[in-house]
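**Q** prediction below, plus the sequence it came from.
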Amino acid sequence: MFAVPRHTRAMLTALVAAAAVLTGCLVDAGDSRAARGMELALQDDAVFVEQKYRNLQGDRAFGLARGLGVTRQRVNLLWAYTMPESQFNARNKPGAINYDFTRFDQLVDQAARNGVRIHLSLTGPAPRWANAKRATARRAWYKPNATEFGKFAAVVADHFEGRVDRYSIWNEPNWKTWLGPLKSGPALYRQLYVKGYAAIKAADPRAKVLIGETAPFSKRGWSTSPLAFLRGVTCVNSKYRRARSCPKLKADGYAHHPYDFAHAPNYRYPGNDNVTIGTLSRLTRALDKLSRAGVLRKNGGGRMPLYLTEYGYFASGHRALPRKLRSRYLQQAYSLALRNPRVKSQLQYLLVSPPRNQRASFFDLGLVNTRGTRNVGYNALKRWYRANRGKVKRPGGAIALPAAKPNPTV
């Protein structure tokens with residue numbers, strides 16, 4: 001995540017930590033060769049947005065990403081922190097909001113120069129004034145106002161029109177401290193998605209909007225299983241039949257985080273409503289049932305594609321796997337995704353291992369250290385990419401984009 005005022009960092013860190021426990025534009029000719037195949041993606045906001053590590057600034061981090069065949073980067077755009085602290089922490093909505101997308105504009109341009117496109121995940125925390133009345137700055141996940149979120153999504157999509165071609169709505173909405181309370185999660189997410197989807201499509205009809213971004217399994221008191229959550233969002237019962245009247249939803253794809261930190265990728269994780277990398281068929285079957293029921297359909301028709309927008313194995317800490325085992329599991333997971341025709345994107349979560357003196361160091365899925373020295377995970381994925389270059393999208397030349405618009409005041 002990008003830097004925020006000091007006394008708000010603890011709240012942001014808590015949000016990220018909780019989630020981590022479980023869990024068309026003009027292009028030049030050089031990019032046209034990447035038109036087919038599964039895309040390889042990466043996310044590390046500390047590196048690419050915050051630019052926290054001096055040795056990985058500039059294009060060096062992008063060079064490491066291109067070595068893995070990366071053509072897409074996912075970035076979390078945190079609603080509250082797109083505005084000054086005095087505005088996101090106000091009890092009442094300010095008369096005018098001064099949005100600052102400068103670092104994201106810089107990233108979009110730098111990524112384009114390196115042949116990489118950006119996927120923005122619009123998510124909380126919400127500004128204090130956009131939560132339920134009982135919510136405070138420390139409960140920014142609690143009942144965010146969907147109408148205000150839709151207004152935010154409209155501002156974002158208008159600002160990045162023609163520069164960002166893919167969005168998703170919220171991050172891990174089935175995880176308590178991203179969206180809560182748990183019992184209200186499906187209804188809250190449905191409202192957020194309806195407003196966010198409509199706003200983005202109105203501002204930039206060509207942009208794709210993904211639904212979901214779900215965490216992989218239930219954890220008592222902390223998360224709802226993704227399929228139970230999805231049934232709640234679409235208002236169907238356990239047999240995928242409509243249980244009550246709800247808005248019919250459309251999406252350009254389903255985003256999911258199929259983590260399973262402890263097992264081989266082909267492990268059949270227990271629980272029919274849980275979905276890990278080895279049980280993606282549970283999710284595709286559910287999406288097909290929802291489509292037949294008419295409650296969630298793919299834009300343009302056909303079967304809903306999957307975008308696996310977070311994945312990885314621990315490189316350090318008590319959940320770390322032996323080096324050779326981690327290498328093998330990473331390669332096996334990518335091969336599973338590649339063989340699944342519904343999977344359009346496979347994302348490695350984190351490029352850099354957070355230093356031990358940082359709070360985020362407990363969640364280390366990194367492939368290199370802060371100096372850029374590669375570990376066995378990076379080398380394994382590089383070998384996998386080289387062996388499968390003909391089956392995946394490959395990095396091309398620079399992508400031509402329109403210039404960034406001025407930061408908006410709304």
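**A** Sure thing, it's come through. Numbering: from 1, shown residues only.
**Q** okay, CA-based contacts and neighbour counts for the rest of this
**A** Will do.
**Q** by contact count, what packs against the longest strand along the chain?
**A** Counting by DSSP state E, the longest strand found in the chain is strand 70-78. Judged by 3 or more Cα pairs under 8 Å, 6 or more residues apart in numbering; DSSP states H and E, the packing partners of strand 70-78 are strand 39-43, strand 117-123.
**Q** what's the last one packed up against?
**A** Spelled out, that is strand 117-123. Checked by 3+ Cα pairs under 8 Å, 6+ apart, strand 117-123 has strand 70-78, helix 102-113, strand 166-169 packed alongside it.
**Q** pull the residues that contact it.
**A** Strand 117-123 is contacted by residues 71-79, 108, 111, 153, 164-171 when judged by Cα atoms under 8 Å, 6 or more residues apart in numbering.
**Q** pull the longest helix from this structure.
**A** With secondary structure taken from DSSP state H, the chain has its longest helix at helix 185-203.
**Q** so which bits of that helix are buried?
**A** Residues 185-197, 199-201, 203 are the ones in helix 185-203 that count as buried (16 or more other Cα atoms under 10 Å).
**Q** how far off strand 117-123 does that helix point, in degrees?
**A** Using axes from the mean of the first three to the mean of the last three Cα atoms, to 10 degrees, one finds that helix 185-203 and strand 117-123 are set 130 degrees apart in direction.
**Q** packing partners of helix 185-203?
**A** Against helix 185-203 (3+ Cα pairs under 8 Å, 6+ apart) you get helix 146-159, strand 166-169, strand 208-214, helix 226-234.
**Q** closest to Y259 out of the helices and strands packed on strand 117-123?
**A** Set against Y259 and scored by Cα to Cα, those come closest in strand 70-78, at 16.4 Å.
**Q** so what angle separates the directions of that closest one and helix 102-113?
**A** Between strand 70-78 and helix 102-113, the angle comes out at 170 degrees (the same axes, to 10 degrees).
**Q** got the buried residues for stretch 232-245?
**A** Neighbour-count burial for stretch 232-245 [16+ other Cα under 10 Å]: G232, V233, T234, C235, V236, Y240, R241, R242.
**Q** can you list the buried residues in stretch 90-102?
**A** Within stretch 90-102, the residues that qualify as buried are R91, Y99, D100, F101, counting by 16+ other Cα under 10 Å.
**Q** now do it, average pLDDT.
**A** Over the span of stretch 90-102, the pLDDT mean works out to 97.
**Q** and for stretch 318-330?
**A** Regarding stretch 318-330, the rounded mean pLDDT is 97.
**Q** check what contacts that stretch and list those residues.
**A** Outside stretch 318-330, the residues touching it (Cα under 8 Å, 6+ apart) are F261, A262, A264, P265, G312, Y313, F314, A315, V376, G377, A380, L381.
**Q** coming back round to it: among the buried residues of stretch 90-102, which one lies nearest to S335?
**A** Using Cα to Cα, the buried residues of stretch 90-102 come closest to S335 at F101, 36.2 Å.
**Q** the closest one and H159: what is the separation?
**A** Counting by Cα to Cα, to the nearest Å, the gap from F101 to H159 is 9 Å.
**Q** which residues are in contact with both of these two?
**A** Common neighbours of F101 and H159 (Cα under 8 Å, 6+ apart) are N407.
**Q** how far away is P305 from Y254?
**A** Applying Cα to Cα to P305 and Y254 gives a distance of 6 Å.
**Q** more crowded one of these two?
**A** Y254 (23 against 20; other Cα atoms under 10 Å).
**Q** on that earlier part again, can I get the helices and strands packed on helix 185-203 in a markdown table with mean pLDDT and distance to A132?
**A** Shown next, in a markdown table, are these (pLDDT from 0 to 100; distance: least, Cα to Cα, whole Å):
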| stretch | mean pLDDT | distance to A132 |
| --- | --- | --- |
| helix 146-159 | 98 | 11 |
| strand 166-169 | 98 | 19 |
| strand 208-214 | 98 | 23 |
| helix 226-234 | 98 | 20 |
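**Q** how about those in a markdown table, adding distance to R356?
**A** Output for those, formatted as a markdown table (distance: least, Cα to Cα, whole Å):
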| stretch | distance to R356 |
| --- | --- |
| helix 146-159 | 34 |
| strand 166-169 | 31 |
| strand 208-214 | 28 |
| helix 226-234 | 32 |
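**Q** who wins for proximity to P84 among these?
**A** Distance to P84, taken as Cα to Cα, is lowest for helix 146-159 among the helices and strands packed on helix 185-203, at 14.5 Å.
**Q** buried set for the closest one?
**A** Those would be A146, E148, F149, G150, F152, A153, A154, V155, V156, A157, D158, H159, for helix 146-159 by 16+ other Cα under 10 Å.
**Q** and which of those is nearest to K208?
**A** A157 (10.8 Å).
**Q** now do the same contact list for the closest one.
**A** Neighbour list for A157: A199, I200, A203, D204 [criterion: Cα under 8 Å, 6+ apart].
**Q** isn't the third one right next to A154, touching?
**A** Yes. Counting by Cα atoms under 8 Å, A154 is a contact partner of A203 at 6.2 Å.
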